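**Student:** Have a look; sequence and predicted model below, questions after that.
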Amino acid sequence: MVVRHTTLRSNLESIQQHGLDPELAVGKIKGSWCHTPSKTPWAILHTMKRHGGNPEDVVTIELNIPRGWLRRRNKCLWTIDRRVSSARFVRVIESSEIYCSPMEDLT
């Protein structure tokens with residue numbers, strides 16, 4: 001299943017080296033939060049609101065995860081309670097790829 005994890009850019013190097021680690025989760029649920037691609041704009045804004053920063057400070061990692069590893073938390077939101085190695089990373093998406101003006105394509 002393709003899901004995404006949105007995080008601060010400052011966490012990216014560590015995540016790429018060590019994988020996505022639910023033990024480092026901040027909050028009462030010890031799991032890494034993931035979302036469907038349709039929720040990416042919301043996840044970027046949520047990450048900025050929760051951790052501070054600007055859109056340039058946020059990145060989204062696209063993952064290919066077996067469905068059985070995920071626990072559904074809400075519509076389009078999931079948690080995973082195991083470490084996910086970087087071998088399961090499909091790509092890193094810059095926030096500017098999500099938030100771009102359609103007028104930019106016309107120039």
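**Tutor:** The structure has been received and is ready for your questions.
**Student:** And the pLDDT at residue 103?
**Tutor:** pLDDT for residue 103: 47.
**Student:** same thing with residue 55?
**Tutor:** For residue 55, pLDDT reads 89.
**Student:** who's in contact with it?
**Tutor:** Going by CB atoms under 8 Å, 6 or more residues apart in numbering, residue 55 touches 44, 48, 95, 96, 99. Quick note: C-beta positions are derived from backbone N, CA and C, even for glycine.
**Student:** Please produce a ChimeraX select command covering the buried subset of those.
**Tutor:** The buried residues among these can be selected in ChimeraX (16 or more other CB atoms under 10 Å) with this line:
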select :44,48,95
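**Student:** by contact count, what packs against the lengthiest helix in the chain?
**Tutor:** Ordering each helix of the chain by length in residues (DSSP state H) puts helix 40-51 first. Contact analysis of helix 40-51 by 3 or more CB pairs under 8 Å, 6 or more residues apart in numbering; DSSP states H and E lists strand 2-8, strand 58-64, helix 95-98 as its packing neighbours.
**Student:** which residues sit against it?
**Tutor:** 4, 6-8, 35, 53-55, 57-58, 60, 93, 95, 98-99.
**Student:** ok, those vs residue 24, which is closest?
**Tutor:** residue 7 (10.3 Å; CB to CB).
**Student:** re the thing from before, export the helices and strands packed on helix 40-51 as TSV, with columns for mean pLDDT.
**Tutor:** Shown next, in TSV, are the helices and strands packed on helix 40-51 (pLDDT from 0 to 100):
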stretch	mean pLDDT
strand 2-8	96
strand 58-64	97
helix 95-98	83
